[in-house]
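Trainee: Got a predicted model here, sequence first, then my questions.
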Amino acid sequence: MAYTSQSALEDLYGADLIEQLTDDAGAGAADADIVTAAITDAGREIDGYCRAKYNVPFDSPTPPMIVMIANDLAMWRLYRRRTQAFGMPEDVQENYEFRIRQLERINAGTLDVGVEPEPTTSSKPYIKSDGPGRLFTDHTDADDGDSTLDGF
């Protein structure tokens, strides 16, 4: 699930920077496919951590905390693919590490993103079968009418 967008990243970090990080072909514009891949990967990582406590993907509107996490994870991915040219800025790395710690806390249930409902879990196992009905029961129909299996 996409919890952010290319335009949001451009608003936050600048369209020129997004272009520099993604314009491998020298076309003079950001490569939307590369940005989308970074955003998608960030969303998958978020969902992976959050699915233990929340129904994912999150419904719209996306919780603000999840949007901030998605922005920082996507930006880290864009820098990571161009580390030889740009290096990894310290603040981008620190933001990434902070967001991962937040995701770990969400996963552990110690950080709430402010969304309901959490997934419903039952302490009892549930087995569903679409097969035929039971062949044997506690009572069986015999010629004498009402035999049971209690006293064989």
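Mentor: Arrived safely, thanks for sending. Numbers count the residues shown, from 1 in each chain.
Trainee: I figured Met1 was touching Val56, is that so?
Mentor: Yes: counting by Cβ atoms under 8 Å, Met1 does reach Val56; the two are 7.1 Å apart. C-betas here are computed from N, CA, C, even on glycine.
Trainee: what's the model's confidence in stretch 25-44, averaged?
Mentor: For stretch 25-44, mean pLDDT rounds to 96.
Trainee: Buried residues, that stretch. List them.
Mentor: Neighbour-count burial for stretch 25-44 flags 30-31, 34-35, 37-39, 42-43 (criterion: 16 or more other Cβ atoms under 10 Å).
Trainee: Give the intersection of the neighbour lists for Met1 and Val56.
Mentor: Taking Cβ atoms under 8 Å, 6 or more residues apart in numbering as the contact rule, Met1 and Val56 both touch Asp47.
Trainee: so where do the helices sit in the chain?
Mentor: 6-13, 15-22, 32-50, 64-80, 83-86, 90-108 (DSSP state H).
Trainee: got those as TSV, with distance to Gly114 columns?
Mentor: Below are the helices of the chain laid out as TSV (distance: least, Cβ to Cβ, whole Å):
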stretch	distance to Gly114
helix 6-13	19
helix 15-22	29
helix 32-50	12
helix 64-80	7
helix 83-86	34
helix 90-108	11
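Trainee: and Ser60, how many neighbours?
Mentor: Using other Cβ atoms under 10 Å, Ser60 is surrounded by 7 other residues.
Trainee: of the buried residues of stretch 25-44, closest to Gln102?
Mentor: Relative to Gln102, the closest of the buried residues of stretch 25-44 is Ala42; by Cβ to Cβ it sits at 13.0 Å.
Trainee: Could you check how far the closest residue to the closest one other than its chain neighbours is from Pro57?
Mentor: Nearest residue to Ala42, sequence neighbours excluded (Cβ to Cβ, 6 or more residues apart in numbering): Leu73, at 3.7 Å. To Pro57, Leu73 is 15 Å away according to Cβ to Cβ, to the nearest Å.
Trainee: for Ala30, same thing?
Mentor: To Pro57, Ala30 is 24 Å away according to Cβ to Cβ.
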